[in-house]
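> what shape does this take:
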Amino acid sequence: QVQLVESGGGLVQPGGSLRLSCAASGSIFSFNTMGWYRQAPGKQREFVAFITASGGFTNYADSVKGRFTISRDIAKNSVYLQMNSLKPEDTAVYYCNADPRYPSDYLRPYDYWGQGTQVTVSS
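This next block holds a predicted model:
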């Protein structure tokens, strides 16, 4: 059973930064990609970013390009999301996702999710 545990959420002012972490229960090489999604109140879950476990290729939603950076630490079986220049519209529960499929399909994420971590951007 795959376990993904997120941490690092919190309350931050607009323009501030947060770093989210996702620790996997096993090697991230078990997956093709690992990613982050978010769900704001009253909205559907949406894609934020993903990274390939092997090659470090990344992809971002247009709404976060240039502000968010996804990275991975193979030794720690962890994926991170550095979020800078945060905006109120970034407020959401952020979920870590792992996809073992080749190829992955970030628009139809695989059903391996963490429990989520709340990010609130407000003054």
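> could you confirm residue 79 falls within a helix?
No. Read with DSSP: H, G, I helix; E, B strand; the rest coil, residue 79 is strand and lies in no helix.
> now stretch 113-123: average pLDDT?
Mean pLDDT, computed over stretch 113-123, is 97.
> ends of it, what's the gap?
Using C-alpha to C-alpha, to the nearest Å, the end-to-end distance of stretch 113-123 comes out at 30 Å.
> now do it: everything it contacts.
4-14, 16, 18, 20, 22, 38-39, 83, 86-97 (C-beta atoms under 8 Å, 6 or more residues apart in numbering). Every residue, glycine included, has its C-beta placed from N, CA and C.
> mind checking which of the residues you listed are buried?
4, 6, 8-9, 12, 18, 20, 22, 38, 83, 86, 90-97 (16 or more other C-beta atoms under 10 Å).
> residues near residue 43, how many?
Number of residues near residue 43 (other C-beta atoms under 10 Å) recorded here: 9.
> quick one: secondary structure of it?
From three-state DSSP, the assignment for residue 43 is coil.
> tell me the contacts of the residue nearest to it when sequence neighbours are not counted?
Leaving aside its sequence neighbours, residue 43 sits nearest to residue 92 (C-beta to C-beta, 6 or more residues apart in numbering; 7.9 Å). Residues near residue 92 by C-beta under 8 Å, 6+ apart: 38-40, 43, 118-119.
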